[in-house]
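Asks: Following is a predicted model, sequence given first.
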Amino acid sequence: MNERAIVFGCQGEELLGILHGGCLEAKVGVLVIVGGPQYRVGSHRQFVLLARALASAGIPVFRFDYRGMGDASGDLRSFERVGNDIRAAIDSFMEVTPGLAQVVLWGLCDAASAAIDYAWRDDRVAGMVLLNPWVRTEEGLAKAYLKHYYLQRVCSLEFWSKVLRGRVDPLASLRSLLSMFKSVASRHGGPSQNGGVNSVACVRFDDTQLAPGQPLPARMAEGWKRFAGSVLLFLSGDDLTAAEFSNAVSVSSDWKGLLDRDNVLVQRIQGANHTFSRSDWRASVEAETVAWVLALQQTGFAGSIKASCD
């Protein structure tokens, strides 16, 4: 396998990346961003296996540790403060892969959110592959629990069987349910997930958010709007983070129409958990990512492969 370690710098710290060489003629490579707390290998070696699948199809891949994670030096930072790390990784990736003209950012959970925040700022980013993006708010989490967890439990024969056998405390479940209702109700009329961020100016990395004062879903919508490249979005069928994202998109005017754009392909993998840990779920993500990136490399626009990926 054509894999080698690369040490590169970011604001005085040392970061470590692993380069998976693809086809020498490849013009588009994939930069894997990690979610926290995580490092470049990924849960159940997900990032390693993904990188090898892409490289075997001729697509160069660079996966790396940002500052404070894995083998990188520096202080631990949140996904909203890794813009300089991503830029330094792209610089290094292109330096060690001279034929590369553009990159695709690949991220799971808050790494997907970091990609959304970064991609529009860098002309070298041609696309994003996003898996279960993180848009958590306390209200959003409560709504997702109510819609996707408690409703399923109440409708479950297994739940009522456990109640009848005394294996579930119905009063405790009721108190938990009421707590969720209270969490949602307490924010009624508070800061909206809608609006007012379209005129936000470009900002520097690390010290200022994209849309100060706005909830995370609105900030993510603003980054998505500003990005003109192609997007491949994976949503797991059995994941609370994916449910939160879907709920936020469905109720927010900021997100209206964004997933329906021609440059966006949405893949829903039924039954999959947050990290696509089962081999068939992982294989589906790998195969569809390969097809999408190759289409992007050949045509400059990956929306054209929608029929082949559905």
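Replies: Received it, and whenever you're ready, just let me know what you need. Numbering: from 1, shown residues only.
Asks: What is the neighbour count of Asn273?
Replies: Taking other C-beta atoms under 10 Å as the neighbour definition, Asn273 ends up with a count of 16. C-beta here means a position set from N, CA and C on the backbone, and glycine is covered the same way.
Asks: can you pull the pLDDT of it?
Replies: Predicted confidence (pLDDT) for Asn273: 95.
Asks: Isn't it up against Ala242?
Replies: No. Between Asn273 and Ala242 there is no contact under C-beta atoms under 8 Å: 9.6 Å.
Asks: hmm, who's touching stretch 109-117?
Replies: 33-36, 38, 78-80, 82-83, 86, 105-107, 128, 130-135, 210, 216, 219-220, 223-224, 227, 241, 274 (C-beta atoms under 8 Å, 6 or more residues apart in numbering).
Asks: re the thing from before, now do the shared contacts for Asn273 and Ala242.
Replies: Ser236.
Asks: Gln267 sits in which helix or strand?
Replies: Using DSSP states H and E, Gln267 falls within strand 264-269.
Asks: Likewise for Met128?
Replies: Per DSSP H and E: strand 125-131 holds Met128.
Asks: Which strands and helices lie in contact with the next helix or strand after the strand holding Gln267?
Replies: Downstream of strand 264-269, the first helix or strand assigned by DSSP H and E is helix 279-299. Contacting helix 279-299 under the criterion 3 or more C-beta pairs under 8 Å, 6 or more residues apart in numbering; DSSP states H and E are the following elements: strand 28-33, helix 46-56, strand 102-108, strand 125-131, strand 230-236, strand 264-269, helix 306-309.
Asks: And helix 279-299, what's buried?
Replies: 281-282, 284-286, 288-297 (16 or more other C-beta atoms under 10 Å).
Asks: Mind listing what's buried along stretch 53-60?
Replies: Here stretch 53-60 shows 53-55, 57-60 as buried, counting by 16+ other C-beta under 10 Å.
Asks: Turn those residues into JSON lines, columns for distance to Arg124 and pLDDT.
Replies: Shown next, in JSON lines, are the buried residues of stretch 53-60 (distance: C-beta to C-beta, whole Å; pLDDT from 0 to 100):
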{"residue": "Ala53", "distance to Arg124": "23", "pLDDT": "97"}
{"residue": "Leu54", "distance to Arg124": "18", "pLDDT": "97"}
{"residue": "Ala55", "distance to Arg124": "20", "pLDDT": "97"}
{"residue": "Ala57", "distance to Arg124": "21", "pLDDT": "96"}
{"residue": "Gly58", "distance to Arg124": "20", "pLDDT": "95"}
{"residue": "Ile59", "distance to Arg124": "16", "pLDDT": "97"}
{"residue": "Pro60", "distance to Arg124": "14", "pLDDT": "97"}
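Asks: where does the residue nearest in space to the middle of the chain fall, phi/psi-wise?
Replies: Centroid-nearest residue in the chain: Ala112, 2.2 Å away (criterion: C-alpha atoms, centre = their mean). The phi and psi values for Ala112, taken as degrees, to the nearest 10, are phi -60, psi -40.
Asks: any low-confidence regions in the stretch 101-250 of the chain?
Replies: Along the stretch 101-250 of the chain, segments meeting pLDDT under 70 span 137-213.
Asks: Go again with 90.
Replies: For the stretch 101-250 of the chain, the stretches with pLDDT under 90 are 135-217, 240, 247-248, 250.
Asks: who's in contact with Val41?
Replies: 47-48.
Asks: Quick one, grab the pLDDT at it.
Replies: Reported pLDDT for Val41: 94.
Asks: does it count as helix, strand or coil?
Replies: What DSSP: H, G, I helix; E, B strand; the rest coil gives for Val41 is coil.
Asks: How much space separates it from Val104?
Replies: Separation of Val41 from Val104 (C-beta to C-beta, to the nearest Å): 20 Å.
Asks: now Glu222
Replies: 21 Å.
Asks: can I get the buried residues of stretch 53-60 in CSV with distance to Val7?
Replies: CSV is the format used below for the buried residues of stretch 53-60 (distance: C-beta to C-beta, whole Å):
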residue, distance to Val7
Ala53, 25
Leu54, 22
Ala55, 20
Ala57, 27
Gly58, 26
Ile59, 23
Pro60, 18
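Asks: which of those residues lies closest to Ile269?
Replies: Each of these was checked against Ile269 using C-beta to C-beta; the closest is Ala53, at 16.0 Å.
Asks: Test my guess that that closest one contacts Glu288.
Replies: No. Using C-beta under 8 Å, Ala53 is not in contact with Glu288; the gap is 10.8 Å.
Asks: Does Tyr66 touch Val34 like I think?
Replies: Yes. The pair Tyr66 and Val34 qualifies as a contact (C-beta under 8 Å) at a distance of 7.0 Å.
Asks: what's the pLDDT at the residue nearest to Gly68 when sequence neighbours are not counted?
Replies: By the measure of C-beta to C-beta, 6 or more residues apart in numbering, the closest residue to Gly68 outside its immediate chain neighbours is Leu76, 3.4 Å from it. Note on Leu76: pLDDT of 89.
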